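> predicted model and sequence follow; I will ask about them next.
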Amino acid sequence: MLACKRILSGNMISALRVHRSSKVVVSGHVQRWLSSQTDGEARIANVLKEKFPLAASLKVVDISGGCGAMYEIHIESNEFKGKRTVQQHQLVNQALKEEIQGMHGLRIFTDVPKH
């Protein structure tokens, strides 16, 4: 943590202290964690919001370090109700058909909202 304190600004350190108390794990990509979405994350999120308007939860993360080669998607939607996991993933893959062509990999986590 000492090395991080030397690099990070006072505001970022304060934000980390607040989040540390919430048991957030801080990795080597602290600045990325504190920044906004990448263009690729926003583009994918917009496509998924349009395709799954009933989504209760949606999270898109560029896990390639920001270059856009690999993403992780977490989505909860009532549109998945009654479908097996593989069918849910096929729906996400179909929605992202164009975007997937430029990717190296994609992790998909789907679920139906609990309430």
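Received it, and whenever you're ready, just let me know what you need.
> and whichever helix in the chain runs longest, what's its mean pLDDT?
The longest helix of the chain (DSSP state H) is helix 39-51. The average pLDDT for helix 39-51 rounds to 96.
> what packs against that helix?
strand 55-62, strand 70-77, helix 85-95, helix 97-100 (3 or more CB pairs under 8 Å, 6 or more residues apart in numbering; DSSP states H and E). Any C-beta I mention is one placed from the backbone N, CA and C, and that applies to glycine too.
> just name the most buried of those.
strand 70-77 (a mean of 19; mean count of other CB atoms under 10 Å).
> what sits up against that one?
Residues outside strand 70-77 that contact it (CB atoms under 8 Å, 6 or more residues apart in numbering) are 40-41, 44, 48, 52, 54-64, 92, 103-113.
> ok so, going back, in TSV: the helices and strands packed on helix 39-51, plus mean pLDDT and distance to S36.
Shown next, in TSV, are the helices and strands packed on helix 39-51 (pLDDT from 0 to 100; distance: least, CB to CB, whole Å):
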stretch	mean pLDDT	distance to S36
strand 55-62	96	12
strand 70-77	97	16
helix 85-95	98	23
helix 97-100	95	19
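> still on that earlier bit, contacts for the longest helix of the chain?
37, 55, 58, 60-62, 68, 71, 73, 75, 91-92, 95-96, 99.
> quick one, that helix and helix 85-95 angle?
110 degrees (axes from the mean of the first three to the mean of the last three CA atoms, to 10 degrees).
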